[in-house]
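Trainee: Whatever this is, show me its structure:
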Amino acid sequence: MNISSVSSTSNSTYTSGNDSDVTQLSNRLKLLQSQIDTENQSKDDAKTKQEKIQLLQTQIIQIQAQIQAKQSSQNSNSNSNSNNTQETTTSIVSSDNIIDIQA
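Mentor: Numbering: from 1, shown residues only. Sure thing, here's the model as predicted:
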């Protein structure tokens with residue numbers, strides 16, 4: 001009977017900004033997929049392989065959820081900024097019209 005430990009470590013360093021976060025998370029996804037490929041080719045017994053791969057897949061799902069959340073947040077902020085710009089422009093145009101009418 002082979003006994004093998006199942007463990008995972010993350011050495012990612014995150015910087016501020018959603019773009020860099022998403023990039024780093026995407027890189028982490030690639031690394032996890034590579035680890036799955038490596039485990040599939042390992043000489044571990046079937047049960048150990050399954051446990052390790054299941055752990056890696058769980059991490060992949062969590063990272064995908066983080067990426068989706070960051071992208072949603074990014075899109076939400078972008079839409080909010082766009083709306084604010086439109087409102088500001090409208091206000092400026094409206095106040096210009098008032099000045100023209102009074103002049």
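Trainee: May I see the buried residues of stretch 22-41?
Mentor: Val22, Gln24, Leu25, Arg28, Leu29, Leu31, Leu32, Gln35, Ile36, Glu39 (16 or more other C-beta atoms under 10 Å). Quick note: C-beta positions are derived from backbone N, CA and C, even for glycine.
Trainee: Next step: these restricted to helices.
Mentor: Counted as lying in helices by DSSP state H, out of the buried residues of stretch 22-41, are Val22, Gln24, Leu25, Arg28, Leu29, Leu31, Leu32, Gln35, Ile36, Glu39.
Trainee: ok, those vs Gln71, which is closest?
Mentor: Nearest to Gln71 among those, counting by C-beta to C-beta, is Val22 at 6.5 Å.
Trainee: Surely that closest one is in contact with Ile67?
Mentor: Yes. The pair Val22 / Ile67 is scored as a contact, 5.6 Å apart, by C-beta atoms under 8 Å.
Trainee: Low-confidence ranges, the protein, go.
Mentor: Scanning the chain for pLDDT under 70 picks out the ranges 1-18, 78-103.
Trainee: again, only this time at 80
Mentor: Within the chain, the stretches with pLDDT under 80 are 1-19, 74, 76-103.
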